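Peer 1: Provided below for reference: sequence and predicted model.
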Amino acid sequence: MGCARSREQMPLSQNPKPKRVGLLAGEPIRLEGLASVFEHPPEPGQTVLIPVSGTLDQLLTNPEIEFLVVDLNSSMGGMDTLERIRQARPELRLIVIGPEGNDTLIMDSIVVGARAYLDGSAGTRTVRDAIEIVVGGSIWAPRRLLSRLIDRLLGSSEGAASGGLPHLTARERQVLDLILMARSNREIARELGIEERTVKAHVGRLMRKTGADNRIDLSMRALNGALQMRKESGS
């Protein structure tokens with residue numbers, strides 16, 4: 001899974017504007033488990049997250065909800081529920097909790113809008129970190145699957161024609177994979193065994209090649225391009 005980014009310490013008063021997060025689970029005990037994620041106050045610099053529980057209809061009709069945690073481990077309806085959410089509120093950012101090791105379900109969840117996928121054994125700290133990553137505009141999912149999506153896009157001869165990514169070098173692809181996991185330049189440099197200034201140069205070239213304004217924009221362009229390719233291929 002992805003990992004939480006390091007955060008600079010700042011006064012609590014500088015915390016970002018509170019965000020409302022919908023909680024959807026088919027069983028009361030699992031809903032209580034999700035609610036426990038929000039029991040502790042945010043750390044300095046973290047977003048104040050306000051949980052909102054209710055039925056699917058209630059959550060979808062609440063315009064204040066920007067993020068939605070969906071527990072597929074309970075009696076929820078699986079992908080049908082996620083499809084319904086996408087059709088009704090395509091702008092919602094989903095945090096999906098589901099069975100472990102089901103790569104097909106994970107990929108399908110990402111395709112219909114999930115920006116995080118965690119297995120049912122994830123602890124409250126992990127769930128909170130994943131929500132923070134998604135609130136920050138990045139993705140939390142098994143790296144091998146994100147890499148597979150990007151590889152599918154970059155390996156397609158139709159990538160440029162369909163508005164996908166331009167040709168990237170092998171190193172740029174590695175850097176992009178780690179950016180998708182919300183890694184900092186320092187973390188990328190350490191993992192790849194290169195200088196931090198070299199990472200900055202790669203990030204700059206990635207932004208120029210894709211026309212992205214910042215790292216979040218770069219991540220979204222890469223992921224959305226890969227997802228579009230997946231939808232068009234029907235795979």
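Peer 2: Right, received. Where do you want to start? Since the structure is predicted, the reported quantities are computational estimates derived from the model, not experimental observations.

Peer 1: any idea how far the residue nearest the centre of the chain is from residue 220?
Peer 2: Nearest residue to the geometric centre of the chain (Cα atoms, centre = their mean): residue 139, 2.3 Å. Per Cβ to Cβ, to the nearest Å, residue 139 is found 9 Å from residue 220. For the C-beta atoms, the positions are set from N, CA and C on the backbone; glycine is no exception.

Peer 1: Point me to the helix or strand that includes residue 118.
Peer 2: According to DSSP states H and E, residue 118 maps onto strand 114-119.

Peer 1: Just the element for residue 45, please.
Peer 2: Using DSSP H and E, no helix or strand contains residue 45.

Peer 1: State the phi and psi torsions of it.
Peer 2: phi 90, psi -20 (degrees, to the nearest 10).

Peer 1: count of residues packed around it?
Peer 2: Close neighbours of residue 45, defined as other Cβ atoms under 10 Å, add up to 15.

Peer 1: same deal with residue 26?
Peer 2: Residue 26 - counted by other Cβ under 10 Å - has 16 other residues nearby.

Peer 1: try residue 98
Peer 2: 21.

Peer 1: How about residue 167?
Peer 2: Applying other Cβ under 10 Å, we find 9 residues neighbouring residue 167.

Peer 1: starting at the chain centroid, how far to whatever helix or strand comes next after the strand holding residue 118?
Peer 2: Following strand 114-119 in sequence order, the next helix or strand is helix 124-135 (DSSP H and E). Distance of helix 124-135 from its chain centroid, counting by Cα atoms, centre = their mean, to the nearest Å, is 10 Å.
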